[in-house]
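[1] Below is the structure, and that's it, no one-letter string:
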DNA sequence: TTGTCTCGCGTACGCCTGTACGTGTAAATT
DNA sequence: AATTTACACGTACAGGCGTACGCGAGACAA
């Protein structure tokens, strides 16, 4: 997977839906977008076309209906996107962002428990010092 | 602080330096950029002008030297930026990003200790359940 | 069969972004 | 004084991005 052009914000939203609901028609993807994020059908179509051009999605014609599918794995795309952000906005350091997320955005009791477990798990893997 | 146009990637890098070194001339900011990220002097100048237009920075002339200063606080800008990303790429959920950062990017022993402390601190604040 | 609906697909368009160049002028150097 | 250096400031320009419109052709309804 060579250097793909980065996802734009709009493309991200559509890609996310693609991952979530799997392959689908433009209509399906349009319908699966969060209601409060009302994009025009044609806009979604454009984003999907661009996702394909950029290598993030593929498509095939099923009869007269074009079906899009994700081509890049979420983890990969998230890594690329987040790495870039961390680099530019945090000088490459991870912790400031983690801190921000926990302190500023807040996490509830469940999430806190999960985080605790995660920390312990990592702590075991990574032998002290 | 009304709705500012979002920072572009290039603007982010420059804004970060502005926060780090405080008010300074274009040259100072240019010099403070990570060496491996060599932008042209004139490019930095353009970004600073745009940062001012967007409301993220202010400037004054000191003799014939224009001095730029940050106008928006890092925390605020980071909140706006990260909120947007979390919304678009993670459907508004915080934990997937936290998990990604910890698991995929990895953190060293020191960071792990800090994270542990942070979790405990939050756990105390937020009474169980 | 004759609209009407639904899509695909090409096209559009203004603003944003990355990345500078060039000109004019003030300050510094020789 | 003449030359070089250093900036500010205006301008540029191609490609990306958000957000569609409109046409043409099957599919479906009447």
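    The structure has been received and is ready for your questions. Small disclaimer: the values here were computed from a predicted structure and weren't measured. Numbers count the residues shown, from 1 in each chain, chains lettered A, B, ... in the order given.

[2] and residue A:5, which of the three is it?
    coil (DSSP: H, G, I helix; E, B strand; the rest coil).

[3] neighbours of it, just the number please.
    Around residue A:5 sit 11 other residues, with neighbours defined as other C-beta atoms under 10 Å in any protein chain shown. Quick note: C-beta positions are derived from backbone N, CA and C, even for glycine.

[4] If I look at it, what pLDDT would I see?
    With respect to pLDDT, residue A:5 scores 97.

[5] Give me every residue in chain A lying close to DNA strand D.
    Proximity of chain A to DNA strand D, by C-beta under 7 Å from any atom of the strand, involves residues A:5-6, A:8-11, A:39-40, A:42-43, A:45-47, A:50, A:63-64.

[6] Let's see the ChimeraX selection covering just the buried ones among those.
    Buried residues among these (16 or more other C-beta atoms under 10 Å in any protein chain shown), as a ChimeraX selection:
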select /A:10,11,39,45,46,47,50
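
[7] Show me the strands in chain A, by range?
    Ranges of strands within chain A are A:24-25, A:57-62, A:65-70, based on DSSP state E.

[8] What mean pLDDT does stretch A:32-51 get?
    Regarding stretch A:32-51, the rounded mean pLDDT is 95.

[9] got the end-to-end distance for it?
    One end of stretch A:32-51 to the other measures 17 Å (C-alpha to C-alpha, to the nearest Å).

[10] low-scoring stretches of chain A, by residue?
    For chain A, residues meeting the criterion pLDDT under 70 lie at A:1-2, A:127-129.

[11] of all of it, which residue lies closest to DNA strand C?
    Residue of chain A nearest DNA strand C, by C-beta to the nearest atom of the strand: residue A:66 (3.3 Å).

[12] Quick check: closest non-adjacent residue to that residue.
    Closest residue to residue A:66 apart from its sequence neighbours, by C-beta to C-beta, 6 or more residues apart in numbering or on different chains: residue A:59 at 5.3 Å.

[13] ok, that neighbour - contacts?
    Residues near residue A:59 by C-beta atoms under 8 Å, 6 or more residues apart in numbering or on different chains: A:48, A:52, A:66, A:67, A:68, A:69.

[14] Stretch A:85-103 vs DNA strand C: in contact?
    No - remark: stretch A:85-103 sits outside contact range of DNA strand C, by C-beta under 7 Å from any atom of the strand, the gap being at least 8.7 Å.
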